[in-house]
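> Show me how the following folds:
(chains A, B, C and D)
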Number of protein chains: 2
Amino acid sequence: MTYTKVFGALADPTRRHIFEALRDEPKSVQQIAATQPVSRPAVSQHLKVLQQAHLVNVEAVGNRRLYSIKREGLEVLRSYLDNFWSDALGAYAAEITRQMNTN
Amino acid sequence: MTYTKVFGALADPTRRHIFEALRDEPKSVQQIAATQPVSRPAVSQHLKVLQQAHLVNVEAVGNRRLYSIKREGLEVLRSYLDNFWSDALGAYAAEITRQMNTN
DNA sequence: CTTTTGTGTAAGTCATTACTTACCGTAAGT
DNA sequence: ACTTACGGTAAGTAATGACTTACACAAAAG
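The predicted structure is shown next:
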């Protein structure tokens, strides 16, 4: 369920670009929308999805709302990768692991 | 573009389950379909998507087609995570890194 | 050779989604 | 107070997607 949210959030190119735009510094909705080819409400909707995936944080500052990267979402992703091979490590998984170390 | 394919492929729960079902050993379409709540053609279609995302391999063996995990897709994912912070590391990214090491 | 098994693909349907414009409330500037 | 700036939400639309059944074809079995 959480995986679905995170993968789904990053699956859309526009949404991924918005997410990446926040990497260097927190930004307001307008600041983000100015660099994106979609309307301002569209950006708001994307930010909502990113928020539900625990990929961004919001902080209301005066008139504006500053969005920033939140670690939690990406950590879910990393744990998926880390757990993929370790869970119930069978013969085939071991074989793959061997390939990973070899190549 | 590649990111879109991989994230999109793993965003669907059914497709993710199919992918995970291949972790322990290669399986035929029927073997997979037997454990999944969707029809056999649906599984075929999911496998096609996973293939295009470089997440699975196919090998025709006699009558059947054995699907197996392919490393490439997940490696794309891992590199996305790894490059996320390191690319154009700004002040804010450094701050996040500090948080990651602190918490 | 005929039948069965295994799988991909076509076509159609229903739900989801990414987008737009229009509208509303709230905070800041004059 | 009035106006402008900021941003969330509603409503509608066009595209995408996940699923089904029906069909086609190759390999295995009889």
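> Please count neighbours and contacts with C-alpha atoms only from this point.
OK.
> which bits of chain A sit near DNA strand C?
Residues of chain A found near DNA strand C (C-alpha under 7 Å from any atom of the strand) are A:12, A:14-15, A:37-43, A:46, A:61-63.
> Out of the residues you listed, which two are the most distant from each other?
Distance extremes for the residues of chain A next to DNA strand C: the farthest pair is A:12 and A:62 at 30.3 Å, using C-alpha to C-alpha.
> wait, doesn't residue A:77 sit right on residue A:6?
Yes - with contact defined as C-alpha atoms under 8 Å, residue A:77 counts as touching residue A:6 (7.3 Å).
> Between those two, which has more neighbouring residues?
Remark: of residue A:77 and residue A:6, residue A:6 carries more neighbours, 25 against 17, as counted by other C-alpha atoms under 10 Å in any protein chain shown.
> Between residue A:12 and residue A:62, tell me which one has more neighbours.
residue A:12 (17 against 7).
> Could you report the pLDDT at that one?
Here, the pLDDT recorded for residue A:12 equals 97.
> With residue A:1 instead?
For residue A:1, the predicted pLDDT is 70.
> From residue A:72, how far out is the spatially closest residue to it that is not a sequence neighbour?
Leaving out its chain neighbours, the residue that sits closest to residue A:1 by C-alpha to C-alpha, 6 or more residues apart in numbering or on different chains is residue B:13, at 7.8 Å. According to C-alpha to C-alpha, to the nearest Å, residue B:13 stands 20 Å off from residue A:72.
> ok but residue A:36 is inside a helix, no?
No - going by DSSP: H, G, I helix; E, B strand; the rest coil, the assignment for residue A:36 is coil, not a helix.
> what ranges do the strands span in chain A?
A:27-28, A:56-61, A:64-69 (DSSP state E).
> Residues in contact with the second one: which ones?
I take that to be strand A:56-61. When contacts are defined by C-alpha atoms under 8 Å, 6 or more residues apart in numbering or on different chains, strand A:56-61 is touched by residues A:19, A:47, A:50, A:51, A:65, A:66, A:67, A:68, A:69, A:70, A:71.
> Can you tell me the strand partners of it and which way each runs?
If you go by DSSP bridges, strand A:56-61 pairs up with strand A:64-69 (antiparallel).
> just the angle between the longest helix anywhere in chain A and strand A:56-61, please?
In chain A, taking DSSP state H as the definition, the longest helix is helix A:71-86. Relative orientation of helix A:71-86 versus strand A:56-61 (axes from the mean of the first three to the mean of the last three C-alpha atoms, to 10 degrees): 170 degrees.
> what separates helix A:71-86 from the chain centre, distance-wise?
12 Å (C-alpha atoms, centre = their mean, to the nearest Å).
> ok so, going back, nearest to chain B among the residues of chain A next to DNA strand C?
residue A:12 (6.4 Å; C-alpha to the nearest C-alpha).
> What are the neighbouring residues in contact with that closest one?
Residue A:12 makes contact with B:4, B:8 under the criterion C-alpha under 8 Å, 6+ apart.
> Give me the phi and psi angles of it.
When read as degrees, to the nearest 10, the backbone of residue A:12 gives phi -80, psi 130.
> pLDDT on the longest helix of chain A, on average?
pLDDT averaged over helix A:71-86 gives 91.
> which residues of chain A score low on pLDDT?
Applying pLDDT under 70 to chain A flags residues A:87-103.
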